[in-house]
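Asker: build me a model from this:
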Amino acid sequence: MSQMLTARSLARLMVIVPFAALLVAACEHSEGPPVAGQLFSITVSPNPGSAPIGNTIQYTAAGQDVTGAPVTLPPPIVWTNLNPTAGGINSSSGLFTAGTTKGTYSNTIRARSGNLEGFATAIVTDSVPNPVLGTATTYGILAGSTVTCAGAPGTINADVGVSPGSTTTGFPPCTITGATNLANAASAQAQVDLTAAYNYLAGRPCGTIVTPADLGGKTLAPGVYCVASSMSVTGTVTLAGPANGVWVFQMGSTLTTGTNANIALSGGAQAKNVWWQVGSSATLGTGTTFRGNIIALTTITLVDNATMLGRALARNGAVSLGTNNTITLP
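Answerer: Just a heads-up that it's a prediction; the model follows:
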């Protein structure tokens, strides 16, 4: 009898002990339901992101709790492009460079923090073409109201036009090497073509939101860069080639450069392929070395000793020069 009881007891223990072990293990690994304040999900922006072939998109990742409130993501955040055809991505910064094949690559961009992942779509479009300036191409300055020059030396190595305004002030002693068209058919048509170029640039999909909005100290690949309000340049911003690269800078309001600011070009980049679409007015600070074409809705001002390899094209307002300014077509 005792032997039978012992066997039965052992059998029961063999059942109870594994069950108890499983119960303990389950309790140890259960973290319970998610609560407010704890990291629950990752959102990747922009989604979708869009960039022309060879251009860039800056992706960012943000954490949320179960209620959708923001939660800090613990580092490191690891970025992966799951479809190499789409392009490449910097695993630590999230900077995506579009490949050579157009298409929509759904959920190909992945950001991982710990055991959580977030995804975004990348859209690769045609290369960014330069806008068509039409008859505005020959103008170093085009203004809507007037063009003024504070005093010599000051040289515009190109045409100068005003429409619908009809005046220039300070020429001479400042010099215009090309034609001067004031409130005539030529300047009116140039303004029509300028408006079309402005609208084209403003309508390009943003590739990278510039944060902070000061470009100084940055090295930028070709692409479309944007800010909702103002953009500035202190020190030097370097635009790194290739020679056929196109840069578009979109800003909702003003463009300003600091004293002795420099728009530098490297890797074969060309000033003719650099475009600054300004939602209100642009001011180039003292001693600025500026490269590219400014297309502004309102006014453009060059302070003393600022030089341009490009164009100063204002749709509605004035273009004003200080002293010792030069503008040369790119």
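Asker: in the stretch 151-300 of the chain, which spans are helices?
Answerer: With DSSP state H, counting those that start in this stretch, the ranges of helices along the stretch 151-300 of the chain come out as 185-202.
Asker: mind showing which ranges of the stretch 201-330 of the chain have poor pLDDT?
Answerer: Within the stretch 201-330 of the chain, no range satisfies pLDDT under 70.
Asker: gap between the residue nearest to G134 when sequence neighbours are not counted and A228?
Answerer: Leaving aside its chain neighbours, G134 sits nearest to D193 (3.2 Å; criterion: CB to CB, 6 or more residues apart in numbering). All C-beta spots, glycine's among them, are computed from the backbone N, C-alpha and C. According to CB to CB, to the nearest Å, D193 and A228 sit 27 Å apart.
Asker: more neighbours: which of those two?
Answerer: D193 (19 against 13; other CB atoms under 10 Å).
Asker: tell me the contacts of that one?
Answerer: Taking CB atoms under 8 Å, 6 or more residues apart in numbering, we find D193 in contact with V132, L133, G134, T135, A136.
Asker: show me the contacts for I123.
Answerer: With CB under 8 Å, 6+ apart, I123 has these contacts: P48, G49, S50, A51, G103, T104, Y105.
Asker: beta partners for the last one?
Answerer: Spelled out, it's Y105. A122 (DSSP bridges).
Asker: residues near the closest residue to L255 other than its chain neighbours, how many?
Answerer: Spatial nearest neighbour of L255, excluding adjacent residues (CB to CB, 6+ apart): A282 at 4.1 Å. A282: 25 surrounding residues under other CB under 10 Å.
Asker: next, work out how far apart A282 and T108 are.
Answerer: For A282 relative to T108 (CB to CB), the value is 37 Å.
Asker: just T180 next, same as before
Answerer: Taking CB to CB, one finds T180 at 53 Å from T108.
Asker: surely the residue nearest to L255 meets A296?
Answerer: Yes. At 5.0 Å, A282 and A296 qualify as touching, with contact defined as CB atoms under 8 Å.
Asker: overlap of the contact sets of these two?
Answerer: Joint contacts of A282 and A296 (CB under 8 Å, 6+ apart) are L255, W276.
Asker: contacting residues for L302?
Answerer: Here L302 is in contact with L284, T288, M308, A312, S320, L321, G322, N325, I327 (CB under 8 Å, 6+ apart).
Asker: OK, contacts around the last one?
Answerer: Neighbour list for I327: G140, I141, T155, I156, N157, A158, L302, T307, M308, G310, R311, A312 [criterion: CB under 8 Å, 6+ apart].
Asker: residue contacts, the second one?
Answerer: Right, the one you point to is I141. V147, I156, A158, V160, G161, R311, A312, L313, V319, I327.
Asker: for the residues you listed, which single residue is the most surrounded?
Answerer: Neighbour-wise, the contacts of I141 (other CB under 10 Å) top out at G161, 32 neighbours.
Asker: report the spatially nearest residue to that one, omitting neighbours in sequence.
Answerer: In space, G161 is closest to S187, 3.7 Å off (CB to CB, 6+ apart).
Asker: and the strands in the stretch 51-200 of the chain?
Answerer: Assigned by DSSP state E, counting those that start in this stretch, the stretch 51-200 of the chain shows strands spanning 56-58, 60-64, 70-71, 78-81, 87-89, 95-98, 103-113, 116-125, 139-143, 146-157, 159-162, 167-169, 175-176, 180-182.
Asker: show me what the most centrally placed residue in the chain bridges to in the sheet.
Answerer: In the chain, the residue lying closest to the centroid (CA atoms, centre = their mean) is Y225, at 1.8 Å. Beta-bridge pairing for Y225 (DSSP bridges): T208, F249.
Asker: roughly how far apart are it and L309?
Answerer: Counting by CB to CB - Y225 and L309 are separated by 19 Å.
Asker: would you agree G178 is in contact with T137?
Answerer: No. Assessed by CB under 8 Å, G178 is found out of contact with T137, at 11.5 Å.
Asker: returning to that earlier point: by neighbour count, which of the contacts of D193 wins?
Answerer: A136 (25 neighbours).
Asker: per-residue pLDDT, that one?
Answerer: pLDDT for A136: 98.
Asker: list the contacts for it?
Answerer: L142, A190, Q191, D193, L194, A197, R311, L313.
Asker: bridging residues for the closest residue to T177 other than its chain neighbours?
Answerer: Nearest non-adjacent residue to T177, counting by CB to CB, 6+ apart: N157, 5.0 Å away. Counting by DSSP bridges, N157 is bridged to T328.
Asker: thanks a lot, catch you later.
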